[in-house]
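Fold the following.
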Amino acid sequence: MPNSQISIYTHKEQGEQWLRRYRGCLPVFACILGFTETGLIPGISAAGRTPDDRKYTACADAEFLYYGPEHKAQYPLPPLTAGASPVLISRAVFESLKIPIYLFNAGLPQAPAVPVIDLGGAPAKCLSQGAAMEITTVHHLFEQGLLWGERLAANIQQKYLIVGECVVGGTTTALAILTGLGIDAAGKVNSSHPVCNHAQKWALVQAGLEKMRGSRGQGEINFQSQIQNPKLVLSEVVGAASRREVSKIQNSVDPLQLVAAVGDPMQVVVAGMAIAASRSCGVMLAGGTQMLAVYALMSAIAQAYALSWQPEAVVVGTTRWVAEDPTGATVDLALNLGKNSLTYNGGTPPLLATYLSFADSRYPQLRAYEQGFVKEGMGAGAACIAAHLSQDWQQHQLLAAIEAQLERLSTALN
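Sure thing, here's the model as predicted:
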């Protein structure tokens with residue numbers, strides 16, 4: 001085991017090779033902010049106590065990550081059902097290690113009060129409608145992801161890129177993408193609740209997929225649709241896919257159409273960014289269910305559009321609370337990714353997790369993580385993995401840095 005503070009749950013040998021390769025390296029962090037009206041459904045998420053709170057979660061997390069606890073926030077961290085925002089974890093590491101941060105707005109209802117790169121996206125409607133986003137928006141966001149993945153990787157050279165997210169309700173859109181790709185994901189995803197609300201998520205996903213199929217007059221999840229923007233496929237950014245290769249996917253699932261139907265704006269940006277970056281540097285997808293869905297989406301897009309990428313350069317990094325969530329099945333879900341014809345070319349990614357524990361924290365907001373609240377977000381798990389890799393931080397150092405953030409925040413609010 002390269003580091004006792006990091007657990008590898010799938011593809012252990014590949015995961016160990018990845019960790020050895022990037023030991024001692026400081027990463028760059030890109031965080032993609034997005035929004036889906038799915039997150040406003042009562043009870044769907046605990047990332048904000050009320051639907052109104054959840055409208056501003058991404059803006060609040062971005063502001064805290066960028067400026068820290070002493071900053072008088074335009075969007076303060078929202079009250080949670082229990083626990084503290086995972087951005088405290090990310091901020092503690094990135095501030096201490098001086099890791100560069102790039103924030104991207106893929107589609108938020110309001111502009112964050114921080115310097116962000118606006119990708120020209122739009123918030124997604126509730127996935128239950130089966131028409132979450134315009135296909136032109138999805139194509140545009142995918143192109144932006146490819147472009148920025150290439151740009152960021154060009155400056156990283158022999159290091160690695162962490163790609164995180166903040167999308168309230170994103171585990172439900174993740175379930176929709178996974179299911180739409182034919183992956184057995186029902187009952188396996190995570191949530192910010194202590195007991196995952198599987199039935200609620202599944203009902204929304206089923207409704208969205210039914211409407212999507214109905215709008216296309218099909219009985220199966222099979223789009224059989226013309227690619228709306230052949231220029232996207234044939235452009236220099238995407239790669240030199242032949243017209244014959246384009247025609248192949250007209251009789252199978254078009255993953256970009258799937259995102260337009262039941263996805264959210266973050267997913268396709270991260271997919272494009274990671275595909276492009278993997279060609280020249282390491283990539284850690286920061287999160288659990290949502291990033292497993294993105295990995296499946298990457299595999300499906302690369303296969304459908306004949307894009308080159310390097311699956312062995314990509315790992316998924318999360319927290320122990322996600323990887324060992326007793327009300328989900330994260331490891332089973334990761335293993336299922338390589339069992340589908342639409343995603344087999346990417347196989348199963350190494351699933352890594354920090355072994356960070358809050359069991360001995362003096363703060364009840366942090367101990368709530370051990371009861372299953374919150375679990376992950378804003379690249380928290382990946383940040384801890386980066387601290388272990390680059391500085392060999394141990395449990396006590398992580399806990400001290402995170403508690404110091406919470407103490408500073410409490411002082412600033414009083």
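
Going by C-alpha atoms from here, please, whenever you check contacts or count neighbours.
Noted.

any residues touching the strand or helix carrying Leu258, and which ones?
Counting by DSSP states H and E, the element that carries Leu258 is helix 255-262. The contact list for helix 255-262, computed with C-alpha atoms under 8 Å, 6 or more residues apart in numbering, reads 126-135, 138-139, 173, 176-177, 180-181, 205, 208-209, 212, 223, 267-268, 297, 300-301, 304.

per-residue confidence averaged over stretch 151-169?
For stretch 151-169, mean pLDDT rounds to 94.

all strands of the protein, in order?
Ranges of strands in the chain, per DSSP state E, are 6-8, 28-34, 101-107, 117-118, 160-166, 282-286, 314-319, 351-354.

As JSON lines, the ones you listed with mean neighbour count and distance to Ile41 would be great.
Output for those, formatted as JSON lines (neighbours: other C-alpha atoms under 10 Å; distance: least, C-alpha to C-alpha, whole Å):
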{"stretch": "strand 6-8", "mean neighbour count": "22", "distance to Ile41": "34"}
{"stretch": "strand 28-34", "mean neighbour count": "25", "distance to Ile41": "16"}
{"stretch": "strand 101-107", "mean neighbour count": "23", "distance to Ile41": "18"}
{"stretch": "strand 117-118", "mean neighbour count": "14", "distance to Ile41": "26"}
{"stretch": "strand 160-166", "mean neighbour count": "26", "distance to Ile41": "17"}
{"stretch": "strand 282-286", "mean neighbour count": "29", "distance to Ile41": "25"}
{"stretch": "strand 314-319", "mean neighbour count": "30", "distance to Ile41": "26"}
{"stretch": "strand 351-354", "mean neighbour count": "28", "distance to Ile41": "30"}
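
sorry, back to before: list the buried ones in the helix holding Leu258?
Residues of helix 255-262 classed as buried: 255-262 (neighbour count, 16 or more other C-alpha atoms under 10 Å).

Also stretch 33-41?
For stretch 33-41, by 16+ other C-alpha under 10 Å, it's 33-40.

Show me the shaky parts of the stretch 301-414 of the chain.
341, 343-344 (pLDDT under 70).

Swap in 50 and give it another go.
Counting by pLDDT under 50, the stretch 301-414 of the chain contains no low-confidence residues.

Also the stretch 1-150 of the chain?
In the stretch 1-150 of the chain, residues with pLDDT under 50: 1-2.

Isn't Gly120 up against Gly107?
Yes. With contact defined as C-alpha atoms under 8 Å, Gly120 counts as touching Gly107 (7.2 Å).

Please identify every residue contacting each of those two.
With C-alpha under 8 Å, 6+ apart, Gly120 and Gly107 have no common neighbours.

ok, back up a step: just the buried residues of helix 255-262 now: which is nearest Thr348?
Pro255 (18.1 Å; C-alpha to C-alpha).

ok, that closest one to Arg49 distance?
33 Å (C-alpha to C-alpha, to the nearest Å).

Then Cys59?
15 Å.

More neighbours: which of those two?
More neighbours surround Cys59 than the other of Cys59 and Arg49, with 27 against 16 (other C-alpha atoms under 10 Å).

Spatially, which residue comes closest to the more buried one, not counting chain neighbours?
Distance criterion C-alpha to C-alpha, 6 or more residues apart in numbering; nearest residue to Cys59, sequence neighbours excluded, is Pro112 at 4.8 Å.

Likewise for Pro349?
Using C-alpha to C-alpha, 6+ apart, the nearest residue to Pro349 is Val315, at 5.6 Å.

Show me what the one you found is bridged to.
With DSSP bridges as the criterion, Val315 is bridged to Met284.

residue furthest from the geometric center of the protein?
Asn414 (33.3 Å; C-alpha atoms, centre = their mean).

That one and Pro350: what is the separation?
From Asn414 to Pro350 the distance is 43 Å (C-alpha to C-alpha).

Contact partners for the residue lying closest to Phe373 once chain neighbours are set aside?
Excluding its sequence neighbours, the residue lying closest to Phe373 (C-alpha to C-alpha, 6+ apart) is Pro194, at 4.9 Å. By C-alpha under 8 Å, 6+ apart, the contact set of Pro194 is 327, 371-374.

Going along the chain, name the helices of the stretch 1-150 of the chain.
12-21, 51-54, 57-67, 87-97, 135-156 (DSSP state H, counting those that start in this stretch).

From the contacts of Pro194, pick the one nearest Gly149.
Distances from Gly149 to the contacts of Pro194, taken by C-alpha to C-alpha, are shortest for Val374, at 28.4 Å.

residues touching that closest one, list them.
Val374 touches 46-47, 82-86, 191-194, counting by C-alpha under 8 Å, 6+ apart.

between those residues, which has the most around it?
Compared across those, Ala47 has the highest neighbour count, 32 neighbours, by other C-alpha under 10 Å.

picking that back up, so what's the residue nearest to Pro349 up against?
15, 18, 283-285, 349-352.

Try it again at 6 Å.
The contact partners of Val315, taken as C-alpha atoms under 6 Å, 6 or more residues apart in numbering, are 284, 349-350.

Show me which parts of stretch 195-214 are buried, residue by residue.
Here stretch 195-214 shows 196-198, 201-202, 204-213 as buried, counting by 16+ other C-alpha under 10 Å.

CA atoms of stretch 158-169 as CSV?
C-alpha atoms of stretch 158-169 as CSV (Å, rounded to 0.1, in the frame of the first residue of the first chain):
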residue,chain,number,x,y,z
GLN,A,158,3.9,15.7,-15.2
LYS,A,159,1.4,16.4,-12.4
TYR,A,160,-2.3,15.7,-12.1
LEU,A,161,-5.6,17.5,-12.3
ILE,A,162,-8.3,17.1,-9.7
VAL,A,163,-11.8,17.8,-11.1
GLY,A,164,-14.5,18.4,-8.4
GLU,A,165,-18.1,19.5,-8.5
CYS,A,166,-20.9,21.1,-6.7
VAL,A,167,-24.4,20.2,-7.9
VAL,A,168,-27.2,19.9,-5.3
GLY,A,169,-29.3,16.9,-6.4
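
and for that stretch, what are the contacting residues?
Here stretch 158-169 makes contact (C-alpha under 6 Å, 6+ apart) with 25, 27-35, 38-39, 45, 58, 281-286, 378-379.

Repeat that for stretch 394-408.
Contacts of stretch 394-408 (C-alpha under 6 Å, 6+ apart): 89, 92.

how far out from the middle of the chain is it?
24 Å (C-alpha atoms, centre = their mean, to the nearest Å).

got it, and stretch 130-139?
That offset, for stretch 130-139, works out to 19 Å (C-alpha atoms, centre = their mean).

for stretch 276-294, same thing?
8 Å.
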